[in-house]
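A.B. asks: Turn this into a model:
(one chain, ligands or ions: 1)
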Amino acid sequence: MNRPILIVDDSPTLRTSLSFCLENAGYQTIQSENGQEGLDTLTKLKEEGKSIGLIITDINMPVMDGIGFIREVKATSFRFVPILVLSTETERSLKDQAKEAGAAGWLNKPFRPEQLLWVVKKFIRV
Ligand SMILES: [Mg+2]
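C.D. replies: Okay, the predicted model is just below:
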């Protein structure tokens with residue numbers, strides 16, 4: 001069985017549609033609604049001795065945004081987990097910031113399921 005995918009996004013609608021798409025394709029998902037909650041989830045998983053295969057994060061979120069979240073993840077034992085950004089943002093500078101912070105890839109909302117699954121399959125650590 002694949003390791004689960006952590007979805008970090010403040011939109012409940014997006015989290016639901018994304019997890020529906022991924023779970024239909026056979027993946028397990030865990031949801032967090034901002035960067036800080038995502039970090040708390042990772043801490044909890046670590047305490048339970050569990051791992052994840054991939055993180056998909058939004059950029060614009062309250063409390064802790066996607067760029068901050070990526071930077072923080074890279075300072076934890078989950079630093080080798082690939083991180084994909086899924087955002088409505090299209091600014092080059094933001095994409096560069098995400099890449100510098102350690103993001104493996106960038107997808108734009110609204111996502112196309114086939115494209116998303118192709119990228120997930122390419123990056124997920126099984
Ligand atoms: Mg958002």
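A.B. asks: Next up, the contacts around V120.
C.D. replies: By C-beta atoms under 8 Å, 6 or more residues apart in numbering, the contact list for V120 reads I5, L22, A25, Y27, L54, I56, L84. Placement of C-beta: from N, CA and C, glycine included.
A.B. asks: Okay, buried residues for the helix or strand V120 falls within please.
C.D. replies: In the assignment (DSSP states H and E), V120 maps to helix 113-123. Of the residues in helix 113-123, L116, L117, V119, V120, F123 count as buried by neighbour count, 16 or more other C-beta atoms under 10 Å.
A.B. asks: repeat for stretch 65-83
C.D. replies: For stretch 65-83, burial by neighbour count (16+ other C-beta under 10 Å) applies to 65-73, 78, 81-83.
A.B. asks: about what we covered before: can I get the buried residues of helix 113-123 in a markdown table including pLDDT?
C.D. replies: Putting the buried residues of helix 113-123 into a markdown table (pLDDT from 0 to 100) gives the following:
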| residue | pLDDT |
| --- | --- |
| L116 | 97 |
| L117 | 97 |
| V119 | 97 |
| V120 | 97 |
| F123 | 97 |
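A.B. asks: Looking at those residues, which one is closest to the ion?
C.D. replies: The closest of the buried residues of helix 113-123 to the ion turns out to be L116 (C-beta to the ion; 16.6 Å).
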